[in-house]
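**Student:** All I have is the shape, not the residue letters:
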DNA sequence: TCCGGATAGCTATGGCCCATAACAATGCTG
DNA sequence: CAGCATTGTTATGGGCCATAGCTATCCGGA
């Protein structure tokens, strides 16, 4: 990345031997890449996640979405406001305090475009991994947080 | 986490099938855990990384450290200042513009304490992973960013 | 039926991590 | 020696997350 030739020094670095550290670095590197691509749609990664989940679960609540994605209710507010301002989602009152979320036509189109980018990206990620390790990544990762 | 019983609704969620998304979630979850433990030492994760690398490479430069850890020079400044203010590192001029970094005695002790926490944490992480997937995690992750 | 606890949506605020731009001073190389 | 690269630094902003607190509403049990 930010390496010149003259100043690249071999350094003793035990960090990449630590799964936790490699996890951090891998997540950061891949997030940056995917983020760039989604930015061409005017979306952040979390926006895409929300659009996908609304598409799969019409009329979900902001709170339910937050629970599923582990996003605090407080942080859902500006997120949904952004999607609303762009005309990607609509909110309809369910009762006096809850509101149902659903995609607009534009939101559905944007979601499908994001899904295309994401799936292509996931394929590239897997392609980077040596075949014998490839199928183990997802179950190993999911064991760490689900 | 933030789930009640009454309000936990089964939602269609294709996201955990995506390695990139699971990577993100796993990294965030584990980082939060490790962060809590390192906070008992008054350290952030990045602080621990820096201390470990200085210990392994006495007299490294701030710039070289930044290259190794993929941290911008600009962002090394407050980081090193914090470690310096706590008496964990020293800086000695190498020439008119570079400075050598090295651990103080307190820094070495703090680094070893951090290393203990980190290794224990890594062991716990691996223990969560089903045995048949375990050994594949590190090589798969490293293939994604190195 | 009514009341207290739980929930929904929201505002405000701060921390951490990262990125970019710019600058002066210094080192290195042709 | 002149020009380019590097170092350390300041300033600034964005993205993401956490917490605290508020009001209004819903719900379940006495």
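**Tutor:** Now that the structure is in, tell me what you want to look at. Nothing here was measured: the structure is a model prediction, and the numbers come from that model. Residues are numbered from 1 along each chain as shown, chains lettered A, B, ... in the order given.
**Student:** unless I'm mixing things up, residue A:146 is touching residue B:17, no?
**Tutor:** No: at 11.7 Å, residue A:146 does not count as touching residue B:17 under the criterion of CB atoms under 8 Å. (Glycine included, C-beta is placed from N, CA and C.)
**Student:** wait, what's in contact with the residue nearest the centre of chain A?
**Tutor:** For chain A, the residue nearest the mean C-alpha position is residue A:45 (3.9 Å; CA atoms, centre = their mean). By CB atoms under 8 Å, 6 or more residues apart in numbering or on different chains, residue A:45 lies in contact with A:31, A:34-35, A:38, B:24.
**Student:** got it, and residue A:104?
**Tutor:** Going by CB under 8 Å, 6+ apart, residue A:104 touches A:87-90.
**Student:** among these, which ones are buried?
**Tutor:** Among the contacts of residue A:104, those classed as buried by 16 or more other CB atoms under 10 Å in any protein chain shown are A:88-89.
**Student:** Next to DNA strand D, which bits of chain A? Give me the list.
**Tutor:** Residues of chain A lying close to DNA strand D (CB under 7 Å from any atom of the strand) are A:4, A:6-7, A:35, A:44-46, A:70-75, A:95-98.
**Student:** filter those residues down to the ones close to DNA strand C.
**Tutor:** Restricting these to those near DNA strand C by CB under 7 Å from any atom of the strand leaves A:6, A:73-75, A:97-98.
**Student:** Need the max-distance pair from the residues you listed.
**Tutor:** Spatial extent of these (CB to CB) is set by the pair A:6 and A:97 at 63.0 Å.
**Student:** where in chain A is pLDDT low?
**Tutor:** Filtered on pLDDT under 70, chain A yields the residue ranges A:1-8.
**Student:** Name the residues that touch the helix of greatest length in it?
**Tutor:** The longest helix of chain A (DSSP state H) is helix A:105-128. Helix A:105-128 has contacts (CB under 8 Å, 6+ apart) with A:30, A:33-34, A:37-38, A:40-41, A:43, A:47-48, A:51-52, A:54-55, A:83, A:86-89, A:103, A:134, A:137, B:18-20, B:143-144.
**Student:** For it, what is the distance to the chain centroid?
**Tutor:** Counting by CA atoms, centre = their mean, to the nearest Å, helix A:105-128 is centred 10 Å from the centre of its parent chain.
**Student:** Pull out the buried residues from it.
**Tutor:** Buried positions in helix A:105-128, judged by neighbour count with 16+ other CB under 10 Å: A:107, A:110-111, A:113-115, A:117-118, A:121-122, A:125-126.
**Student:** the inter-axis angle of the helix or strand following it versus helix B:137-145?
**Tutor:** Sequence-wise, the next helix or strand beyond helix A:105-128 is helix A:131-145, with elements assigned using DSSP states H and E. Interaxial angle, helix A:131-145 versus helix B:137-145 (axes from the mean of the first three to the mean of the last three CA atoms, to 10 degrees): 100 degrees.
**Student:** Is there any residue in helix A:131-145 that contacts chain B?
**Tutor:** Yes: shown here: helix A:131-145 in contact with chain B (CB under 8 Å from any CB of the partner chain) through A:132-134, A:136-145.
**Student:** Would you list the buried entries among these?
**Tutor:** Buried among the residues of helix A:131-145 next to chain B (16+ other CB under 10 Å): A:133-134, A:136-138, A:140-145.
**Student:** now the contacts of residue A:104 as CSV including distance to residue A:61 and secondary structure?
**Tutor:** Formatted as CSV, these follow (distance: CB to CB, whole Å; DSSP: H, G, I helix; E, B strand; the rest coil):
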residue, distance to residue A:61, secondary structure
A:87, 20, coil
A:88, 17, coil
A:89, 13, strand
A:90, 14, strand
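**Student:** and of the contacts of residue A:104, the nearest to DNA strand D?
**Tutor:** Proximity of the contacts of residue A:104 to DNA strand D (CB to the nearest atom of the strand) peaks at residue A:88, which lies at 14.9 Å.
**Student:** Just to check, that closest one is in contact with residue A:103?
**Tutor:** Yes: if you go by CB under 8 Å, residue A:88 and residue A:103 touch, sitting 6.8 Å apart.
**Student:** shared neighbours of these two, anything?
**Tutor:** Common neighbours of residue A:88 and residue A:103 (CB under 8 Å, 6+ apart) are A:51, A:111.
**Student:** By proximity to DNA strand C, which residue of chain A wins?
**Tutor:** Proximity of chain A to DNA strand C (CB to the nearest atom of the strand) peaks at residue A:74, 3.0 Å away.
**Student:** Now for that residue: which residues touch it?
**Tutor:** Applying CB under 8 Å, 6+ apart, no residues qualify as near residue A:74.
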